[in-house]
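>>> just to be clear, the model below is a prediction. Sequence and coordinates:
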Amino acid sequence: MQARIKREIEDVDLLVTQQANELSAMLHEHRMEMFPPDARKTLRSFSLAEVANYLGVTPGYLKNLSLEGKGPQPAVTPSGRRSYTAEQMLEMRHYLDKNARTAKYVPHRREGEHLQIISVVNFKGGSAKTTTAAHLAQHLSLEGYRVLVIDLDPQASLSALHGFQPEIDRNESLYEALRYDDQRKSLRELVRPTNFPGLHIVPANLELQEYEYDTPLALSRDDGSMGRIFFGRLDDALADVADDYDVVIIDCPPQLGYLTLTALSSSTGVLITVHPQMLDVMSMCQFLMMMGEVMGTLKRAGANMQLDWLRYLVTRYEPTDGPQSQMVAFMRAIFKKHVLVNEMLKSTAISDAGITKQTLYEIDRSQFTRSTYDRAMESLHLVNREIVELIQKAWGRR
């Protein structure tokens, strides 16, 4: 009888658990060094030019207001440079709106305008889905919208970008508002503030994965109404807080499971991120085929699958890369107007910011080569403002 070959790993479950515990302890130690237990993420101040850009006024007009003592007063350096906090920017927006004759500076939803629920999706990791969701949510908040961002990915990367660590923090996830038993909670109990005024988050953690296990069990006990209970679940949860927000951004997991389907069944807009390379586009093709089939099934079961808009966003794009440019042209030929006009350019500024769990909106221009920073920021503004136009159009605004 052949002798049994000695395996390198006998008890893989014990090994993985041990490694997870060691990594968790290391992450906790790192967090304690960078962020003490009572610490929260802060946000830098914004220059006069940045604030004027977000408010839609000229820097000269803003400077004259400060010289006249009108509106919130900026911090002024000995050299005369003016800067505002994000809270002051929001205060200035309300000041301008109150004193303007015709222009509207506060873009909140008006009577008859429905809540915009935007799901950011892709079947494949590495498509900049979470980065896109984070920058879009933060951009909207800086432009004066009331924003709720929901991290629906159990990996919780979006939560980490906003200062929430599932390994350490005990914040509850959206699962608590979706679960099928009598322990279900109001979404209002799960919402947490962020370092951006007007931007709140429902963090994620691994318990979200329980929803993927619970839903098929619940559907197997279907009494004829469970289908409706499944695809209307997020609508019911959002009803508790809908009046508090203008836009909801959902960062979906990179798979077409029940979490993603629940988000899609409530969405008014869908943003599909795609890296313009052959393997990524092939993966997206499979994702679209599956999504179309499943959404058709949900529609036949009674779900409201009507969208205000659906768009593809080209991410991590390098215009000097010939094959990528060809792939973008290929996508535009097929999807036409459904591809956003602007691409999200690949940038070391965005990736370097992510290393420190920050977005480009959080980092000061002085920390990068100015041309690199300006190029990345211009790309972000163009993409995000194109999405803002879609939101405004869905509301019937010009």
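Happy to help now that I have it. Numbering: from 1, shown residues only.

>>> what's the neighbour count on Thr297?
13 (other C-beta atoms under 10 Å). C-beta: built from backbone N, CA, C; applies to glycine.

>>> where does this protein dip in pLDDT?
Scanning the chain for pLDDT under 70 picks out the ranges 1-17, 19-20, 23-24, 27-39, 167-169, 222-229.

>>> now do the domain split for this protein, please.
The chain breaks down by automatic domain parsing into domains covering 46-99, 116-394.

>>> most tightly surrounded among these?
domain 116-394 (a mean of 18; mean count of other C-beta atoms under 10 Å).

>>> need the longest helix for this protein.
Longest helix in the chain, counting residues (DSSP state H): helix 370-394.

>>> distance check, Gln138 against Asp364.
The gap separating Gln138 from Asp364 is 15 Å, by C-beta to C-beta, to the nearest Å.

>>> spell out the residue ranges of the strands in the stretch 51-200 of the chain.
Listed in chain order, the strands of the stretch 51-200 of the chain (DSSP state E, counting those that start in this stretch) span residues 75-76, 82-84, 116-121, 147-151, 192-193, 199-202.

>>> okay, the ones you listed in a markdown table with distance to Gln306 next?
Output for the strands of the stretch 51-200 of the chain, formatted as a markdown table (distance: least, C-beta to C-beta, whole Å):
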| stretch | distance to Gln306 |
| --- | --- |
| strand 75-76 | 47 |
| strand 82-84 | 40 |
| strand 116-121 | 12 |
| strand 147-151 | 21 |
| strand 192-193 | 31 |
| strand 199-202 | 25 |
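
>>> my read: Glu212 touches Gly257, true?
Yes: taking contacts as C-beta atoms under 8 Å, Glu212 lies within contact range of Gly257: 5.1 Å.

>>> for the stretch 1-150 of the chain, what spans make up the helices?
Assigned by DSSP state H, counting those that start in this stretch, the helices in the stretch 1-150 of the chain fall at 12-34, 48-55, 59-67, 86-99, 129-142.

>>> out of the strands of the stretch 51-200 of the chain, nearest to Gly269?
For those, proximity to Gly269 was assessed by C-beta to C-beta; strand 116-121 is nearest, at 4.3 Å.

>>> let me see the residues that make contact with the closest one.
129-130, 132-133, 136, 238, 246-252, 260, 263-264, 266-273, 287, 291, 308, 387, 391, 394-395 (C-beta atoms under 8 Å, 6 or more residues apart in numbering).

>>> could you rerun that using 7 Å?
Around strand 116-121, the neighbours that count as contacts under C-beta atoms under 7 Å, 6 or more residues apart in numbering are 129, 132-133, 246-252, 260, 263-264, 266-273, 391, 394.

>>> can I get the CA coordinates of it in CSV?
Once non-C-alpha atoms are left out, strand 116-121 reads as follows in CSV (Å, rounded to 0.1, in the frame of the first residue of the first chain):
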residue,chain,number,x,y,z
GLN,A,116,-32.6,58.9,-7.2
ILE,A,117,-31.2,55.4,-6.4
ILE,A,118,-28.1,54.7,-8.3
SER,A,119,-26.5,51.2,-8.3
VAL,A,120,-22.8,51.0,-9.3
VAL,A,121,-22.3,47.5,-10.6
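
>>> what is the orientation angle of that strand with helix 370-394?
130 degrees (axes from the mean of the first three to the mean of the last three C-alpha atoms, to 10 degrees).

>>> ok, Arg188 - contacts?
240-241.

>>> name the SS class of Leu313, please.
Three-state assignment for Leu313 (DSSP: H, G, I helix; E, B strand; the rest coil): strand.

>>> who is it paired with across the strands?
When bridges are called by DSSP bridges, Leu313 pairs up with Thr273.

>>> shouldn't Glu207 be in contact with Tyr175?
Yes: contact criterion C-beta atoms under 7 Å: Glu207 and Tyr175 qualify, at 5.0 Å.

>>> how about CSV for the helices of the stretch 1-150 of the chain, with distance to Glu111 added?
Formatted as CSV, those follow (distance: least, C-beta to C-beta, whole Å):
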stretch, distance to Glu111
helix 12-34, 44
helix 48-55, 24
helix 59-67, 30
helix 86-99, 17
helix 129-142, 20
